[in-house]
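Participant: turn this into a structure:
(chains A and B)
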Amino acid sequence: MTEMLNDVFGQDTRTKAQQLIARYPQSRSALLPMLHLVQSVEGFVSQDGIRFCAEQLELTTAEVSAVATFYTMYKRKPCGEHLVSVCTNTLCAALGGDAIYARLKEELGSDGKPLGHEQTSEDGKVTLEHAECLAACDLGPVLQVNYEYFDNQDPDTASDLVAKLRAGERPAPTRGAPLTDFKQAELQLAGFFEGRDLDVAGPSAAKETLRGNTVAQDRGWSAPVMPDGVLPPVPEKKK
Amino acid sequence: MTLAADKNTDIVVPDGHVKLTIDGAEVVAPKGELLIRTAERLGTVIPRFCDHPLLEPAGACRQCLVEVEMGGRPMPKPQASCTLTVADGMVVKTQLTSPVADKAQAGVMELLLINHPLDCPICDKGGECPLQNQALKHGRTDSRFTETKRTFPKPIAVSSQVLLDRERCVLCQRCTRFSEQIAGDPFIELLERGSQQQIGTAQDQPFQSYFSGNTIQICPVGALTSAAYRFRSRPFDLVSTPSVCEHCAGGCATRTDWRRGKITRRLAAEDPQVNEEWICDKGRFAFTYTTEPDRLLRPRVRDAKTGELRDASWTEALRVAAEGLTKAKEAGGVGVLPGGRLTVEDAYAYSKFARVALGTNDIDYRNRPSSAEELAFLGSTVSGTNPEHGVTYGDIEKAPAVLLIALEPEEEAPGVFLRLRKGNRKHGNRVFHMGQWTTPAVVKTNGTLIPCLPGEEADMLGRLPSEVDELLRRPDAVILLGERAAEITGLFSTARELAAQTGAKLAWIPRRAGELAAIEAGALPTMLPGGRPVTDSVARAEVELAWGLETGTLPTAEGRDLAGILGAVANGRLAGLVIGSVDVHDLPNPELAERALDSGVFVVSLDLRESSVTRRADVVLPVAAISEKAGTYINWEGRRRPFPVVITGTNRLPDCRVLDTLAVEMDADLFTQTPAAAMADLGRLGHHTGNRIPAPSVDAGRPNRPGQRHAVLATWHQLIDHGSMQDGEPHLAGTARPAVARLSVDTAKAFGVADAALITVGTDRGSVTLLAEFADLPEGVVWLPSNSTPATVRTSLGAGHGALVTVTTAANGAAS
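Facilitator: Numbering: from 1, shown residues only, chains lettered A, B, ... in the order given. Predicted coordinates:
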């Protein structure tokens, strides 16, 4: 007879899924966190995971697949213990991101073959990806481990970091919460902190990011005050 | 034109309308109208791919860009006219007057073609392709793109019926929007992103929708193609003939494309009042049954010496048939079973043949479970149904509430299902399904299940939830009855009462295309054409006058119904049978039917293909298939659906012509030589204004109750099943819903089959073994598809909706 997907996703995950659904007026809105929840169990979005989401949200598996394949944060192959994302967008790339990525590819590869995008090192410790802008251009080149920032990197520091990760260490990120692993980070992305709420409570902005603000405060600069409820004049019609 | 002179005069803008300017001309448009539509009314065609009037706007393809100015301010970029609604004072310039819009459109076209394979010469769509047409009209002569195109493996089968060529796709999302909005089967979606973005299905769920073929038709490029039609022909080599679907009682308008005497494909035609622009896959793909190898091409006669059927000339076959029938008529009488798939013209010929040539009222077209109560209902309520007074598709869409009883719309009347869904989506209709489990149709019409035991439906009408009763009292509420209502004692009577009490309109939606026509033609034992009661002397006199008969010629007593005819044959009281396209396995009691046919009775069979009846017949007369004759169906609304001959010159004869000639051999004139003549003859009878058959008044029956040893059977047909009119189309068969037996977890436990994968549902006649699936059926009820397995409910179980059955674990591991 019809079997439910009890094997992979236990009662705990089901309960969490129901909690996610309860957060939204429409159940399908819970799909994004639900996919993170699935990743927190299996380390990727499997076909079972897609069916689980579809079942929980009364969607078709095609609808879930559409979302899961659109967003790059949903991985379709099993990830390692940690996910290392190297920013290779223009600024980071120019500042050395490309070099970092090339070095890590080589070092994480095996049998003389460099590791590819979204591939996992043979020891299962690290999955490597090149990422689009990680929103820390002032700290470039940056990389992230499980979405926690490691700022101002160069090939050597990155190589050192990855070596430590493979050795089982969890070096502290430059800012933000202490390092856990990919599945734990996914659980947090799904909105479950499991007693680690304080990890994300503190300020995570770097001083570089706030430098402009600091300068303005020092010198007493401020934006001109806009009167309430008055819209700027309509520009004249172009001829 | 006075357009320029009018420009300064005040155009009156009616309430709810706005005034805008398109290409310098002032236009009044209803508020909320899409710009692309307003331009269209003005005669300006803006190129487009994703826009479809029956789908919600998407703005996906960006081909319809125009320049727009609002309140004197130009919008900063060209706007998609398929998503922008008109506004007062809007100034729009299309490609006709704006170089900006023209260039924007040319740019989009160039981008859409960058990865397109430009394989028009081998593409099914070539010749009728919006992309090809618009590229030739608005596009560049040469591509500036010299790099390597993105390629995909192709084609991929998104179902056994629909093939996808992703390279040709322009990602307009018409197919995904159709599936999600219209059909409610979002099994295809936009997958991946960026240059890899593509249409696709989930790995575990193919595009199995009863309406999937529509996506092929609305695909504006050659990305979605039909497995059955792929590479068969070029559209410009085909002859297109308007036609009407012969499968269900919906009467959908179709277009049949053919060449060299062969149908290559069938498409949905546009009929806003009936099927809009959609048809189901059965209507689209199930036409190959007429070219199966067992098609009858020549008359056959049973050889007196060998006892075997042999080919014969028409002259000989008609002579033998006429002699045999004349003898049988004298030896006790002849019964007529025309079947439920005839046109009005053909059904009328059977009806007149029975009365004039055979002098009998022993005629019943109902080749399915039926009842005397139903007969009274058909005479009192269904005959004379027409769209002016009865329920229409439009009524279903606009009704505040629709109650469906013993009707599974998606399986039995797909067009009705689409309207129910549209009504719920557009107007917030409440849809109540009185049935046994939450079927996909209940979910997709956003409906509410009113669960009851099979057979308990009539009784349940007296105990409707107060909310339903209240909603049915609203103006324009609708009650719909299905085919299996005939298996539920008292349902027709109580439904009529409910309609009278609440003021809701009542309609009956049978499953076969010919039912309403046969009722109108009088192919029933109690009714002459037009619903005239056979026992009414005034009605008989009317018919006798029109038919040129002497007064008192027509038989005065009600005839035998299907069961009566077969029973009388079996015990020798009837000596002959004239049978149209009837399959004994559809009959409520196939065993009785076979016994009757084997009893030595003289049988004349008019059929398309070899069947259990033709094999037992004394004379077999081949008849024309739907595409080889003209005719008129009457759909469930009572709407006449005339259609012309599709394939001309086949020399195949419609039933009405065969019966006409047979009657001449028997010294009677039917005047049904051609469908047109038959229709004219029927027309001479005029409308019946006299007495009608009295309405049924039968108390709600007591349903069988499940017990410790027996469960109660619920059953109906799935749309795509083992019906003989779906033969020869394996691609269509591949999209059938899996045949499973459904029951609740508790029922499974009670019968000790909770752990069994396969269960056997049985009667003393036989059994059906199927995979079991849990569903929310009432306790003690098991559901089976009527005809989706080699062992069928009618033939193998000899049972029907509401019968008592046993449920056991399958003895061996094989499904039957």
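
Participant: contacts and neighbour counts: CA atoms only from here.
Facilitator: OK.

Participant: doesn't residue A:149 belong to a helix?
Facilitator: No - using DSSP: H, G, I helix; E, B strand; the rest coil, the assignment for residue A:149 is strand, not a helix.

Participant: what pairs with it across the strands?
Facilitator: residue A:144 (DSSP bridges).

Participant: ok, residue B:435 next?
Facilitator: Beta bridges link residue B:435 to residue B:451, judged by DSSP bridges.

Participant: okay, it: pLDDT?
Facilitator: Residue B:435 carries a pLDDT score of 96 in this model.

Participant: quick one: classify residue A:99 as helix, strand or coil.
Facilitator: Relying on three-state DSSP, one would call residue A:99 helix.

Participant: residues in contact with the closest residue to it other than its chain neighbours?
Facilitator: Counting by CA to CA, 6 or more residues apart in numbering or on different chains, residue A:99 lies nearest to residue A:155, which is 6.4 Å off, once chain neighbours are set aside. Applying CA atoms under 8 Å, 6 or more residues apart in numbering or on different chains, one finds that residue A:155 lies in contact with A:96, A:99-101, A:103-104.

Participant: and if we set it to 7 Å?
Facilitator: Contact partners of residue A:155, counting by CA atoms under 7 Å, 6 or more residues apart in numbering or on different chains, are A:99-100, A:103.

Participant: same question for residue B:166.
Facilitator: B:152, B:198, B:223.

Participant: how is chain A partitioned into domains?
Facilitator: A:2-68, A:82-180 (automatic domain parsing).

Participant: what pLDDT, on average, does the longest one get?
Facilitator: Model confidence over domain A:82-180 averages 95 on the pLDDT scale.

Participant: how long is that domain end to end?
Facilitator: The straight-line separation of the ends of domain A:82-180 (CA to CA, to the nearest Å) is 8 Å.

Participant: same question for stretch B:501-515.
Facilitator: Terminal residues of stretch B:501-515 lie 27 Å apart, using CA to CA.

Participant: pLDDT below threshold where in chain B?
Facilitator: B:1-9, B:812-816 (pLDDT under 70).

Participant: which residues of it lie near chain A?
Facilitator: Taking CA under 7 Å from any CA of the partner chain as the contact definition, chain B meets chain A at B:72-73, B:186-193, B:201-202, B:755-757, B:772-774.

Participant: for ChimeraX, write a command that selects the buried ones of those.
Facilitator: The buried subset of these, as determined by 16 or more other CA atoms under 10 Å in any protein chain shown, is captured in ChimeraX by this line:
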select /B:186,187,188,189,190,191,192,201,202,772,773,774
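
Participant: restricted to helices, list the residues of chain B next to chain A.
Facilitator: If you go by DSSP state H, the residues of chain B next to chain A have nothing in helices.

Participant: which residues of the stretch 501-650 of chain B fall in helices?
Facilitator: Ranges of helices within the stretch 501-650 of chain B are B:515-521, B:537-547, B:562-570, B:590-597, based on DSSP state H, counting those that start in this stretch.

Participant: thought residue A:27 was touching residue A:57, still the case?
Facilitator: Yes - using CA atoms under 7 Å, residue A:57 is in contact with residue A:27, at 5.8 Å.

Participant: what about the two, which has more around it?
Facilitator: Neighbours around residue A:57 and residue A:27, counted as other CA atoms under 10 Å in any protein chain shown, are more numerous at residue A:57. The numbers are 20 against 16.

Participant: now do the phi/psi pair for that one.
Facilitator: Phi and psi for residue A:57, reported as degrees, to the nearest 10, are phi -100, psi 0.

Participant: which pLDDT does the model give it?
Facilitator: pLDDT at residue A:57 comes out at 96.

Participant: contacts only, for it.
Facilitator: Residue A:57 touches A:27-28, counting by CA under 7 Å, 6+ apart.

Participant: CA atoms only for stretch B:254-268 - export them in PDB, please.
Facilitator: Extracted in PDB, the C-alpha atoms of stretch B:254-268 (Å, rounded to 0.1, in the frame of the first residue of the first chain):
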ATOM      1  CA  THR B 254     -13.000  20.000 -32.900                       C
ATOM      2  CA  ARG B 255     -11.100  20.400 -36.100                       C
ATOM      3  CA  THR B 256     -10.000  17.300 -37.900                       C
ATOM      4  CA  ASP B 257      -6.900  17.500 -40.100                       C
ATOM      5  CA  TRP B 258      -6.500  14.800 -42.700                       C
ATOM      6  CA  ARG B 259      -5.000  14.000 -46.100                       C
ATOM      7  CA  ARG B 260      -5.200  11.100 -48.500                       C
ATOM      8  CA  GLY B 261      -8.100   9.600 -46.700                       C
ATOM      9  CA  LYS B 262      -6.400   9.500 -43.400                       C
ATOM     10  CA  ILE B 263      -6.900  11.500 -40.300                       C
ATOM     11  CA  THR B 264      -3.500  12.800 -39.100                       C
ATOM     12  CA  ARG B 265      -4.600  14.800 -36.000                       C
ATOM     13  CA  ARG B 266      -7.500  16.400 -34.200                       C
ATOM     14  CA  LEU B 267      -7.400  19.800 -32.600                       C
ATOM     15  CA  ALA B 268      -9.700  21.800 -30.300                       C
END
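
Participant: same question for that stretch: list its buried residues.
Facilitator: Applying 16+ other CA under 10 Å to stretch B:254-268 flags B:254-258, B:263-268 as buried.

Participant: where's the residue minimising distance to the centre of chain B, which helix or strand?
Facilitator: Geometric centre of chain B, nearest residue: residue B:248, 3.4 Å, by CA atoms, centre = their mean. Using DSSP states H and E, residue B:248 sits in no helix or strand.

Participant: chain A versus that one, what's the distance?
Facilitator: 28 Å (CA to the nearest CA, to the nearest Å).

Participant: tell me the contacts of that residue?
Facilitator: B:413, B:511-513 are the contacts of residue B:248 under CA under 7 Å, 6+ apart.

Participant: all helices for the stretch 51-200 of chain B, in order.
Facilitator: B:99-114, B:130-138, B:174-177.
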